[in-house]
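Enquirer: sequence unknown, structure follows:
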């Protein structure tokens, strides 16, 4: 089995202009390979809802962005067809970590699962995303 090429720096450059994800929300690309990404979000007061837990929209943004990094870092351009997210628990740590697993990489579609944990290992959410490959 061949080792996957590290595409982290290329992904950081490509997504630097994704202002909402990287600057407004504060998501960091930790690792990128073809059809794989790991991104983190340091939990700040701006991410919390009225119940003082991380807002679902912040979790969704982290998961969606992580999928985008995974499926757009190998010379392809892919857009979302649909995303299904399940919120499974409350983050108790100081950071959220999203990591992808590619389920299907076809000619025109790609299906990716994302697990979102906090830094204490608590499972917070799972997303399944289907994307359409434009090129």
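Expert: Looks like it came in fine. This structure is a prediction, so every number in the text was calculated from the model and none was measured. Numbers count the residues shown, from 1 in each chain.

Enquirer: can you pull the buried residues of whatever helix or strand residue 70 lives in?
Expert: Residue 70 is part of helix 56-71, with elements assigned from DSSP states H and E. In terms of neighbour count (16 or more other CB atoms under 10 Å), helix 56-71 has its buried residues at 58-71. The way it works is simple: take the backbone N, C-alpha and C, and place the C-beta from them, glycine included.

Enquirer: cool, and stretch 81-100?
Expert: Result for stretch 81-100 [16+ other CB under 10 Å]: buried residues 83, 85, 91, 96-100.

Enquirer: could you do stretch 31-44 as well?
Expert: Of all the residues in stretch 31-44, those buried under the rule 16+ other CB under 10 Å are 32-41, 43.

Enquirer: about what we covered before: tell me the one of the buried residues of stretch 81-100 nearest residue 50?
Expert: Lowest distance from residue 50 to the buried residues of stretch 81-100 (CB to CB) belongs to residue 91, with 15.6 Å.

Enquirer: what sits against that closest one?
Expert: 43, 53-54, 118, 122, 124 (CB atoms under 8 Å, 6 or more residues apart in numbering).

Enquirer: so which residues of this structure form strands?
Expert: Along the chain, counting by DSSP state E, strands occupy 27-33, 36-42, 78-87, 95-105, 109-118, 123-133.

Enquirer: measure how the second one sits relative to helix 56-71, angle-wise.
Expert: When you say that, I think you mean strand 36-42. 150 degrees (axes from the mean of the first three to the mean of the last three CA atoms, to 10 degrees).

Enquirer: so what strands line up beside strand 36-42?
Expert: strand 27-33 (antiparallel), strand 95-105 (antiparallel) (DSSP bridges).

Enquirer: go ahead and confirm residue 7 touches residue 29.
Expert: No: applying CB atoms under 8 Å, one finds residue 7 not in contact with residue 29, separated by 9.7 Å.

Enquirer: neighbour-wise, which of the two wins?
Expert: residue 29 (26 against 21; other CB atoms under 10 Å).
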